[in-house]
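*Asks:* here you go, sequence then predicted model.
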Amino acid sequence: MSTTIKEEKVTASLLESTQVVIKEALGKLGYSEEVFELLKEPLRMLTVRIPIKMDDNSTKIFTGYRAQHNDAVGPTKGGIRFHPEVDEEEVKALSMWMSLKCGIVNLPYGGGKGGIICDPRQMSMGELERLSRGYVRAISQIVGPTKDIPAPDVYTNSQIMAWMMDEYSRIREHDSPGFITGKPLVLGGSHGREKATAQGVTICIEEAAKRKGIELKGARIIVQGFGNAGSFLAKFMHDAGAKVIGISDAYGAIYNPDGLDIDYLLDKRDSFGTVTTLFENKITNQELLEQDCDILVPAAISNQITNENAHLIKAQIVVEAANGPTTLEATKILTERNVLLVPDVLASSGGVTVSYFEWVQNNQGYYWEDEEVQRKLKELLVNSFNQIYDMAETRKVNMRLAAYMVGVRKMAEASIFRGWV
Ligand SMILES: NC(=O)C1=CN([C@@H]2O[C@H](COP(=O)(O)OP(=O)(O)OC[C@H]3O[C@@H](n4cnc5c(N)ncnc54)[C@H](O)[C@@H]3O)[C@@H](O)[C@H]2O)C=CC1
Ligand SMILES: O=C(O)CCC(=O)C(=O)O
C-alpha cells in the first residue's frame, strides 16, 4: 500500500514539474497564458484495457495508455514503454518531453508516448506478442504514419516493433512500415537506430567535455542503466578511451575505480539490460551515483538525482540519457554547484532523431547507409547543443530551462498560426 502511494506522488510531480518549466520557458519567450493553457497537458490521452490469453489459459487484463501532446507541428511521435510502474501521469509527462525533443532537433513532429502496465521479464514470448498486437488493435484508431508514430522505449525492442507493425498492416490491409520506428533492418528499420540514443548522448558528452575542458580519453565515467541507452553508451565511451568505472541495472551496481571490462559485460547482459545479477560484490544504484567520477550518465529511470543526493554528486558533467532522472530541486542544486547538466530533452534526442530518419526512409522507400545516418545525426545534435548552451549563457538560465525555451518555440508558433490560441 505504501509503495503505491509513493509511486503516485513521484509520477504526479513529473507532470507538475514539467508544467513549471514549460510555463517559465513560455514566459521568458513572451507567450501568453493561453499558450501555456494549451500546452500544459496532452491534447489527447487514450486509456485502453487489453485482455490477453496467458500461457496457462487464464485471461489477464492489461491497462495501456497513449498520450498525444500536441500535433500542431505534425504527427505525434514517441516510444512505448512496457513496465510495471507505468502510469497515466508519467505517460503524459513523457509525451510532453517528446514534443520538446522534437522541437529541439527541429523534427516535423509533436510529442506522443505510450505505455502498458506489465512486467515483460515475467512473460513468455507468446504472451508478449499477444500483448503487443492487442495494444495496437486497441489504439489503432488514433495512430498511423501520418497521425502518431510509436517507437521503442524501456523494455520494448525491435521484435516488439515488428509485431506491432505487422498487426497495424493487417488492420489497414496494406504494408505500413512508416507506422512505427525502431524496426529490424529487414522490415524497414534504419541503420543506426538501435545505437542512436547512446550516439546522441555521446555527442552531448563530447560537447560538454569541451566546454568543461575535460579530455575524454582517460575521463572516469559512471553509467546508471545497462539497457539500450546505457550499454551502447558504455561501449562508445570505452572505445573513445574513457574509463567506465561503474554501471548498474535494476538489480544493483558494480564499480571498479580501475575500469570495468565493458566487452565482457556486454557479452553477458540479457535482453532486458540485466548483468549485475552475475556479481556478488555489488553496491546500490544510489551509492553508484555518489561515487567519484568526471561524467555521470543516468540512463535508466526517472527521479534518481533529487534534493537528497544532488549535493553528493561528484561529477562535473551530468548527461541525462534517461527521461526525467533529475528533479527540479536537484537541477537547481547541481547548477549552483557549477555542474554542467545536459538535460534529457537534449541528451536523449538522438533516438527520436534517427527514428525520424527511419520514417523518412520508409516514406521514400529508399534506404541510407549508416554513414549518412551518423553524419546527419551529428550535425543536428551539435547544432542543438550549441543553441541551448548559448541560450543558457545569453539568457542566464540553467540548461534545462534553456532547452525548454528552444524546444517549445516551434510548437507554440505552429499552434498560434493554426489559430488554436
Ligand atoms: N531506447 C531509446 O531509444 C530511448 C530511451 N530513452 C530513455 O533511456 C532510459 C533507458 O531506456 P532504454 O535503455 O531504452 O531501456 P532498456 O529497457 O533497454 O533498459 C533499461 C535499463 O534500466 C535498468 N533499470 C530498470 N529499472 C531500474 C531501476 N529501478 N533502477 C536502476 N536501473 C533500472 C534495467 O535493468 C536496464 O538496464 C529510459 O529513461 C528511456 O525512456 C530516451 C530516449 C530514447
Ligand atoms: O524514437 C522515437 O520515436 C521515440 C524515442 C523515445 O521514446 C524517447 O525519446 O523517449
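*Replies:* Received it, and whenever you're ready, just let me know what you need. Ligands and ions are numbered 1, 2, ... in the order given.
*Asks:* the closest residue to Val201 other than its chain neighbours sits in which helix or strand?
*Replies:* Among residues not flanking Val201 along the chain, Ala321 sits closest, at 4.6 Å (Cβ to Cβ, 6 or more residues apart in numbering). (Each C-beta comes from the backbone N, C-alpha and C, glycine too.) Following DSSP states H and E, there is no helix or strand that holds Ala321.
*Asks:* so who does Ala321 touch?
*Replies:* The contact partners of Ala321, by Cβ atoms under 8 Å, 6 or more residues apart in numbering, come to 197-198, 201, 223, 225, 229-230, 233, 297-299, 344, 347-348.
*Asks:* how close does it get to ligand 1?
*Replies:* 5 Å (Cβ to the nearest ligand atom, to the nearest Å).
*Asks:* distance of the nearest residue to Leu233 once chain neighbours are set aside from Asp249?
*Replies:* Of all residues not flanking Leu233 in the chain, Ala198 sits nearest, at 4.0 Å (Cβ to Cβ, 6+ apart). Using Cβ to Cβ, to the nearest Å, one obtains 15 Å as the distance from Ala198 to Asp249.
*Asks:* between those two, tell me which one has more neighbours.
*Replies:* When Ala198 and Asp249 are compared for neighbours, Ala198 comes out ahead with 26 against 23, by other Cβ atoms under 10 Å.
*Asks:* what's that one in contact with, if anything?
*Replies:* Contacts for Ala198 (Cβ under 8 Å, 6+ apart) come out as Asn228, Ala229, Gly230, Ser231, Phe232, Leu233, Lys235, Phe236, Ala321, Gly350.
*Asks:* does the residue of the stretch 101-250 of the chain found nearest ligand 2 count as helix, strand or coil?
*Replies:* Here the residue of the stretch 101-250 of the chain nearest ligand 2 is Ala151; by Cβ to the nearest ligand atom that distance is 3.2 Å. Following DSSP: H, G, I helix; E, B strand; the rest coil, the label given to Ala151 is strand.
*Asks:* tell me the pLDDT of it.
*Replies:* For Ala151, the model assigns a pLDDT of 98.
*Asks:* same check, this time on Ile205
*Replies:* For Ile205, the pLDDT comes out at 98.
*Asks:* repeat for the one 3 residues further on
*Replies:* If you check Ala208, the pLDDT there is 98.
*Asks:* which residues does the residue of the stretch 1-150 of the chain found nearest ligand 1 bridge with?
*Replies:* Using Cβ to the nearest ligand atom, the single residue of the stretch 1-150 of the chain nearest to ligand 1 is Gly79, 6.2 Å away. Gly79 has the following beta-bridge partners by DSSP bridges: Ala151.
*Asks:* my read: it touches Ile116, true?
*Replies:* No: Gly79 is beyond contact range of Ile116, at 11.8 Å (criterion: Cβ atoms under 8 Å).
*Asks:* what touches both of the two?
*Replies:* Common neighbours of Gly79 and Ile116 (Cβ under 8 Å, 6+ apart) do not exist.
*Asks:* how about the residues of the stretch 201-350 of the chain near ligand 1?
*Replies:* By Cβ under 6 Å from any ligand atom, the residues of the stretch 201-350 of the chain that approach ligand 1 are 225-230, 248-250, 273-274, 285, 299-301, 321-323, 348.
*Asks:* still on that earlier bit, output the contacts of Ala321 in JSON lines, with secondary structure, pLDDT and distance to Tyr65 appended to each entry.
*Replies:* Formatted as JSON lines, those follow (DSSP: H, G, I helix; E, B strand; the rest coil; pLDDT from 0 to 100; distance: Cβ to Cβ, whole Å):
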{"residue": "Thr197", "secondary structure": "helix", "pLDDT": "98", "distance to Tyr65": "22"}
{"residue": "Ala198", "secondary structure": "helix", "pLDDT": "98", "distance to Tyr65": "26"}
{"residue": "Val201", "secondary structure": "helix", "pLDDT": "98", "distance to Tyr65": "26"}
{"residue": "Val223", "secondary structure": "strand", "pLDDT": "98", "distance to Tyr65": "29"}
{"residue": "Gly225", "secondary structure": "coil", "pLDDT": "98", "distance to Tyr65": "23"}
{"residue": "Ala229", "secondary structure": "helix", "pLDDT": "97", "distance to Tyr65": "22"}
{"residue": "Gly230", "secondary structure": "helix", "pLDDT": "98", "distance to Tyr65": "25"}
{"residue": "Leu233", "secondary structure": "helix", "pLDDT": "98", "distance to Tyr65": "28"}
{"residue": "Val297", "secondary structure": "strand", "pLDDT": "98", "distance to Tyr65": "28"}
{"residue": "Pro298", "secondary structure": "strand", "pLDDT": "98", "distance to Tyr65": "24"}
{"residue": "Ala299", "secondary structure": "coil", "pLDDT": "98", "distance to Tyr65": "23"}
{"residue": "Asp344", "secondary structure": "helix", "pLDDT": "98", "distance to Tyr65": "20"}
{"residue": "Ala347", "secondary structure": "helix", "pLDDT": "98", "distance to Tyr65": "25"}
{"residue": "Ser348", "secondary structure": "coil", "pLDDT": "98", "distance to Tyr65": "20"}
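*Asks:* widest-spaced pair of those residues?
*Replies:* Val223 and Asp344 (14.8 Å; Cβ to Cβ).
*Asks:* more crowded one of the two?
*Replies:* Val223 (31 against 23).
*Asks:* so what's whatever residue of the stretch 51-200 of the chain ends up closest to ligand 2 up against?
*Replies:* Nearest residue of the stretch 51-200 of the chain to ligand 2 (Cβ to the nearest ligand atom) works out as Gly79 at 2.6 Å. Gly79 makes contact with Leu94, Lys113, Gly114, Pro150, Ala151, Pro152, Asp153, Thr156, Gly182, Gly351 under the criterion Cβ under 8 Å, 6+ apart.
*Asks:* farthest-apart pair in those residues, please.
*Replies:* Distances among the contacts of Gly79 were taken as Cβ to Cβ; the most separated pair is Leu94 and Gly182, at 15.6 Å.
*Asks:* nearest residue to the closest residue to ligand 1 within the chain in space, please, no chain neighbours.
*Replies:* Residue of the chain nearest ligand 1, by Cβ to the nearest ligand atom: Gly227 (1.7 Å). Spatial nearest neighbour of Gly227, excluding adjacent residues (Cβ to Cβ, 6+ apart): Gly273 at 2.9 Å.
*Asks:* quick one, phi/psi of that neighbour?
*Replies:* phi 80, psi 30 (degrees, to the nearest 10).
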